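J.: predicted structure and sequence below. I'll ask about it afterward.
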Amino acid sequence: MRYRSTRGGVRDLSFTEAFLMGLATDGGLIVPEKIPKADLSALKKLDYKDLAFEIFKLFIDDIPLDDLKELVQKSYSAFDTEEVTPVVKKDGVYILELFHGPTFAFKDVALQFLGNLFEYVLKDRNTYINVLGATSGDTGSAAIYGLKGKENVNIFILHPHGKVSRVQELQMTTVEDKNVYNIAIKGTFDDCQAIVKAIFNDLDFKEKYRLGAVNSINWARVLAQIVYYFYAYFRTDVEELYFSVPTGNFGDIFAGYMAKRMGLPIKRLILATNSNDILYRFVNFGDYSKGEVVKTISPSMDIQVASNFERYLYYLFDEDTSAVKDLMDKFLETGVLKFSSDVLERVKDDFESYRSSEDDTKKTIKSFYEETGYVIDPHTACGVYAAKMSNHEDVICLATAHPAKFPEAIFEAIGRYPETPQAIKDLERKEKRFTVLDNSVGEVKNFIEKVLTT
């Protein structure tokens, strides 16, 4: 399996090369040169770890199979259930529980694997890397927990200062390992993401300081997330397959799109947004235009530029890298993309989309709890709301975070706090470590340089 950039300037990469590169050196995102087909009958009865191994094998051919199997076993032993991502049925929908990892969010499914993969690859190549990423809340803590204490790796995570939940902040900033650096940016998540992209596009700086990525721009993140779409299907075996996915950065739902291209019989993916609705407007009206970020009770979706959207454009425009480059250049210049009705018809073959207001989200948490006794977090509530709006039967909703990560929002919706896992309670006693910086590429670069040269 070889990999290339969505913009055509990089091609013929091995999996390991693509993994270490993160963002392609031409500014594009890395995708496989072909999409393999999965044998559903051979995968159907596998447990999660074996299923992950078989799917990873389709995309990874430069790591010995015994080593790959060991990486998978090690990564998914960090979850509090053997199932890794169990499925439960509540109030007419299936809930795919993706919050059983060490930071209680779906990002753990990919980032536990990535942390072990980084350590393995760097040791094998006798080299080191400095990971740089931006987070709207959950990616940062999951990345830190995946990489803390790992050999030959430092990790720098940017988050919007004061715009993540208290639990998300505590999970990131109370880690004591010396290879972890938290940077709180005076701005939004989109500002953090723009800084990271700008630094990666400075190829001299990237090379000098050996920068790598764990954000969903890294192909290995998407690959790891493909697995649970297959797992959920095999645990439900519904006839008309719909997944409802709360998304801001388009990474999680893009993994579902890849699963569909691999042969999973997904009728459509239901794209759920909060008030930050750039993706909702794209799917329904062909309008992908940047707006002002609105702060909501589902902060991981408070995004107005979806970093994985470019990967979908690559396939939407039949793998035409020139067309993708032109579109992304135009968006960088104007902040607006408009799509024709013909293109929009193709989009609607893959997706339908619904937008959940703050009131909709709170009402969904409340009604779901009253009907089932089951508490969902605000992001999952956006997905459940979209599933209900779609009127499809037996929708599989991705539960992307444990409700205890958003206790104030849950209390406001149902009048009581969710049960808090002991690991989260323990965070309250720990000292926080982070650095506040202005919304400035230069300031972040200076911080990285100072850390790595002193």
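T.: That came through, no problem.
J.: got the phi and psi for residue 337?
T.: With angles defined as degrees, to the nearest 10, residue 337 sits at phi -130, psi 140.
J.: same question for residue 244.
T.: Main-chain dihedrals, residue 244, degrees, to the nearest 10: phi -100, psi 120.
J.: residue 254 versus that one, what's the distance?
T.: Separation of residue 244 from residue 254 (CB to CB, to the nearest Å): 15 Å. Bear in mind the C-beta positions are built from the backbone N, C-alpha and C, glycine included.
J.: the two: which is more packed in?
T.: Between residue 244 and residue 254, residue 244 has the larger neighbour count (other CB atoms under 10 Å), namely 31 against 26.
J.: pretty sure the more buried one contacts residue 272?
T.: Yes. Using CB atoms under 8 Å, residue 244 is in contact with residue 272, at 5.7 Å.
J.: joint contacts of those two?
T.: Each of 383, 386-387 lies in contact with both residue 244 and residue 272 under the rule CB atoms under 8 Å, 6 or more residues apart in numbering.
J.: excluding its backbone neighbours, what's nearest residue 283?
T.: Of all residues not flanking residue 283 in the chain, residue 353 sits nearest, at 3.8 Å (CB to CB, 6 or more residues apart in numbering).
J.: quick one: distance of the helix or strand containing that neighbour to the chain centre.
T.: Assigned by DSSP states H and E, residue 353 falls within strand 351-355. Chain-centre distance of strand 351-355: 18 Å, with CA atoms, centre = their mean, to the nearest Å.
J.: which strands and helices sit next to that strand?
T.: strand 266-273, helix 278-285, helix 378-390 (3 or more CB pairs under 8 Å, 6 or more residues apart in numbering; DSSP states H and E).
J.: got the CA positions of the helix or strand following that strand in CSV?
T.: Per DSSP H and E, the first helix or strand lying C-terminal to strand 351-355 is helix 358-372. The C-alpha coordinates for helix 358-372 follow below in CSV (Å, rounded to 0.1, in the frame of the first residue of the first chain):
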residue,chain,number,x,y,z
GLU,A,358,-28.1,24.7,22.3
ASP,A,359,-31.8,24.3,23.2
ASP,A,360,-32.1,21.2,21.0
THR,A,361,-29.0,19.7,22.6
LYS,A,362,-30.2,20.2,26.2
LYS,A,363,-33.7,18.9,25.4
THR,A,364,-32.2,15.8,23.9
ILE,A,365,-30.0,15.1,26.9
LYS,A,366,-33.1,15.5,29.1
SER,A,367,-35.6,13.5,27.0
PHE,A,368,-33.1,10.7,26.4
TYR,A,369,-32.4,10.5,30.1
GLU,A,370,-36.1,10.5,31.0
GLU,A,371,-36.9,7.8,28.4
THR,A,372,-34.0,5.5,29.2
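J.: so helix 358-372 versus strand 351-355, what angle?
T.: 100 degrees (axes from the mean of the first three to the mean of the last three CA atoms, to 10 degrees).
J.: which residues touch the residue nearest to residue 283?
T.: Residue 353 makes contact with 270-273, 279-280, 282-284, 386 under the criterion CB under 8 Å, 6+ apart.
J.: buried ones among the residues you listed?
T.: For the contacts of residue 353, a burial check counting by 16 or more other CB atoms under 10 Å picks out 270-273, 279-280, 282-284, 386.
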